[in-house]
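Asks: Got a sequence here, can you build the structure:
(2 chains)
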Amino acid sequence: QKEVEQDPGPLSVPEGAIVSLNCTYSNSAFQYFMWYRQYSRKGPELLMYTYSSGNKEDGRFTAQVDKSSKYISLFIRDSQPSDSATYLCAMRKTGGFKTIFGAGTRLFVKA
Amino acid sequence: DTAVSQTPKYLVTQMGNDKSIKCEQNLGHDTMYWYKQDSKKFLKIMFSYNNKELIINETVPNRFSPKSPDKAHLNLHINSLELGDSAVYFCASSQGTSGGPGDTQYFGPGTRLTVL
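Replies: Below you'll find the model as predicted:
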């Protein structure tokens, strides 16, 4: 079993839809949870960062962490064609050197 | 004003050749990383250096050798290239290694390696 599981998609939605992206993980020692966005032929860039459990909101983006279920989510409201990208979840332990990435979910938002 | 830069952007070479990829960051960060992203977009850490000291060395063939001449540079040399080495290689940097909010990793644009 991989440490981090993420459905690779692709996920195709119409413009304006609410998008839900998810990851599950197996290691309860993970404390830092991140979402990266990667456009085609570009490097990943950090989108959202959450420590431990709870929600964090930034504009149209909301990150949720449920440590009891080992489940993290990223919600995108009012999705735009410019949101079309691969979204990678990532996590690491406190004091850990390594960031473990999910496989990434490809999202297409149709105009 | 690129924060993390890599050269070359594209690399096409024959099996058995030796090649190098260079990475430079101008963010003043202490930690640098090499990642490999395969065709299925799976991003996997290979190496990490903190203040020029190797701190992560994943299960990578010893044909891959990182070198950090100073904190701002981390190069990757690959000997005897194989077909399975074809991938996109990303360099990244972060301020520290604690994993806290201040340790966001910034990625370079990637080097697309194709081995024929």
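Asks: Please identify the buried residues of stretch A:72-83?
Replies: A:72-76, A:79, A:83 (16 or more other Cβ atoms under 10 Å in any protein chain shown). Quick note: C-beta positions are derived from backbone N, CA and C, even for glycine.
Asks: Look up the closest residue to the residue in chain B that chain A sits nearest to, ignoring the ones flanking it.
Replies: Nearest residue of chain B to chain A, counting by Cβ to the nearest Cβ: B:F107, 3.3 Å away. Distances taken as Cβ to Cβ, 6 or more residues apart in numbering or on different chains place A:G43 nearest to B:F107, at 3.3 Å, with adjacent residues excluded.
Asks: what does B:G96 give?
Replies: B:D103 (4.9 Å).
Asks: List the residues that contact that neighbour.
Replies: Applying Cβ atoms under 8 Å, 6 or more residues apart in numbering or on different chains, we find B:D103 in contact with B:31, B:94-97.
Asks: follow-up on the earlier one: got the contact list for the residue nearest to B:F107?
Replies: B:4, B:90, B:92, B:107-110 are the contacts of A:G43 under Cβ under 8 Å, 6+ apart.
Asks: Would you mind giving those residues as JSON lines with neighbour count and pLDDT added?
Replies: Below are these laid out as JSON lines (neighbours: other Cβ atoms under 10 Å in any protein chain shown; pLDDT from 0 to 100):
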{"residue": "B:V4", "neighbour count": "23", "pLDDT": "96"}
{"residue": "B:F90", "neighbour count": "27", "pLDDT": "97"}
{"residue": "B:A92", "neighbour count": "25", "pLDDT": "95"}
{"residue": "B:F107", "neighbour count": "23", "pLDDT": "95"}
{"residue": "B:G108", "neighbour count": "27", "pLDDT": "96"}
{"residue": "B:P109", "neighbour count": "17", "pLDDT": "95"}
{"residue": "B:G110", "neighbour count": "22", "pLDDT": "96"}
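Asks: Grab the most central residue of chain B for me.
Replies: Centroid-nearest residue in chain B: B:W34, 2.6 Å away (criterion: Cα atoms, centre = their mean).
Asks: check contacts around that one.
Replies: B:23, B:45-48, B:66, B:74, B:76, B:89-91.
Asks: And the contacts of the helix or strand that A:R106 is a member of?
Replies: Secondary structure assigned from DSSP states H and E places A:R106 in strand A:105-110. Residues from elsewhere that reach strand A:105-110, judged by Cβ under 8 Å, 6+ apart: A:6-15, A:17, A:19, A:21, A:79-88, B:41.
Asks: Dump that strand to CSV, keeping only the CA atoms.
Replies: Output in CSV follows, covering the C-alpha atoms of strand A:105-110 (Å, rounded to 0.1, in the frame of the first residue of the first chain):
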residue,chain,number,x,y,z
THR,A,105,-5.3,14.4,-10.2
ARG,A,106,-5.6,15.9,-13.6
LEU,A,107,-8.4,18.5,-13.7
PHE,A,108,-10.0,19.9,-16.8
VAL,A,109,-12.5,22.8,-16.5
LYS,A,110,-14.5,23.3,-19.7
